[in-house]
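Engineer: sequence and predicted structure are below.
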Amino acid sequence: MPLDDNTLAIPGFDFEPPPADEPEPMPTPGEDDAHTPEPPRPINWNLLTAEEAQVEWLELNAWINWLRHTYGLSVGVIPPLWHRHSELIWELSALRQHWLSAYESKQHGSAPIGWHRDFADAKQRLHDWVAACGTRLDSDRPTRLAAWPGEDPAPAVEESAITNRDEDFVQFVRDDIARRRAAEDAFYAQLAVDH
């Protein structure tokens with residue numbers, strides 16, 4: 001079937017092919033760099049500055065809310081206080097970065113199916129960790145740690161009620177940011193003393 005003007009007509013979308021005798025102009029190297037988003041990168045929570053951590057916490061929290069609603073995930077996979085359990089933070093953060101990479105515009109079209117395959121594996125790990133750490137819909141406790149011979153005994157683990165998940169998350173992030181800022185301030189103060 002020959003292409004005519006009506007073949008490419010899509011309601012609400014104007015398509016005008018480039019003239020046949022003029023090739024598309026190639027961008028000058030470096031010309032688009034300022035507008036090109038950075039590709040997703042792994043998040044190392046141990047190395048984030050206070051400012052970086054604040055951004056990452058908020059973006060991760062928003063993505064997790066999208067994920068749990070989109071896929072109908074139970075609290076046995078993603079509990080309300082996931083942010084208080086490092087094993088869940090690392091897994092969910094890695095899963096988000098993998099998702100961002102899979103759906104990045106320059107990615108191969110089959111990348112999302114790879115993410116879904118890996119998501120199935122991650123859901124099982126999340127379920128196992130949630131069961132081991134004992135966090136639930138209405139209560140939470142720190143993940144139990146075993147003290148090795150020669151170490152101080154592990155602190156007693158107390159369960160607490162979850163009364164407002166969002167307030168807990170905001171306070172957790174504030175505390176984390178303050179801790180990171182204090183560490184940064186101490187580092188820079190030590191640099192000033194050394195010089």
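Structural biologist: Perfect, thanks for sending it.

Engineer: low-confidence ranges, this structure, go.
Structural biologist: 1-37, 195 (pLDDT under 70).

Engineer: now with 80, please.
Structural biologist: Scanning the chain for pLDDT under 80 picks out 1-39, 194-195.

Engineer: what about the helices in the chain?
Structural biologist: Applying DSSP state H to the chain gives helices spanning 50-70, 86-102, 111-133, 165-194.

Engineer: nearest to R41, out of the ones you listed?
Structural biologist: helix 86-102 (7.1 Å; C-beta to C-beta). From N, CA and C alone the C-beta is placed, and that goes for glycine too.

Engineer: list the helices and strands the closest one packs on?
Structural biologist: helix 50-70, helix 111-133 (3 or more C-beta pairs under 8 Å, 6 or more residues apart in numbering; DSSP states H and E).

Engineer: what's the first one packed up against?
Structural biologist: Yep, that's helix 50-70 we're talking about. Helix 50-70 is packed against helix 86-102, helix 165-194, with contacts defined by 3+ C-beta pairs under 8 Å, 6+ apart.

Engineer: contacts for that helix?
Structural biologist: 43, 45, 48, 73, 77-78, 82-83, 89, 92-93, 95-96, 99, 169, 173, 176-178, 180-181, 184 (C-beta atoms under 8 Å, 6 or more residues apart in numbering).

Engineer: equivalent analysis for the last one, please.
Structural biologist: Contacts made with helix 111-133 from outside it, assessed by C-beta under 8 Å, 6+ apart, are listed as 73, 75-79, 85, 87-88, 91-92, 94-95, 98-99, 101-104, 141-144.

Engineer: tally up the residues packed near G109, please.
Structural biologist: For G109, the tally of surrounding residues (other C-beta atoms under 10 Å) stands at 6.

Engineer: next, the distance between the ends of stretch 79-88.
Structural biologist: Across stretch 79-88, the terminal residues are separated by 9 Å (C-alpha to C-alpha, to the nearest Å).

Engineer: buried set for that stretch?
Structural biologist: Within stretch 79-88, the residues scored as buried using 16 or more other C-beta atoms under 10 Å are 79-85, 87-88.

Engineer: swap in stretch 125-134?
Structural biologist: Buried residues in stretch 125-134, counted by 16+ other C-beta under 10 Å: 126, 129-130, 133-134.

Engineer: how about stretch 106-125?
Structural biologist: Per 16+ other C-beta under 10 Å, stretch 106-125 contains these buried residues: 107, 111, 115, 119, 122-123.

Engineer: kindly report the same for stretch 155-163.
Structural biologist: Under the neighbour-count criterion of 16+ other C-beta under 10 Å, stretch 155-163 has I162 buried.
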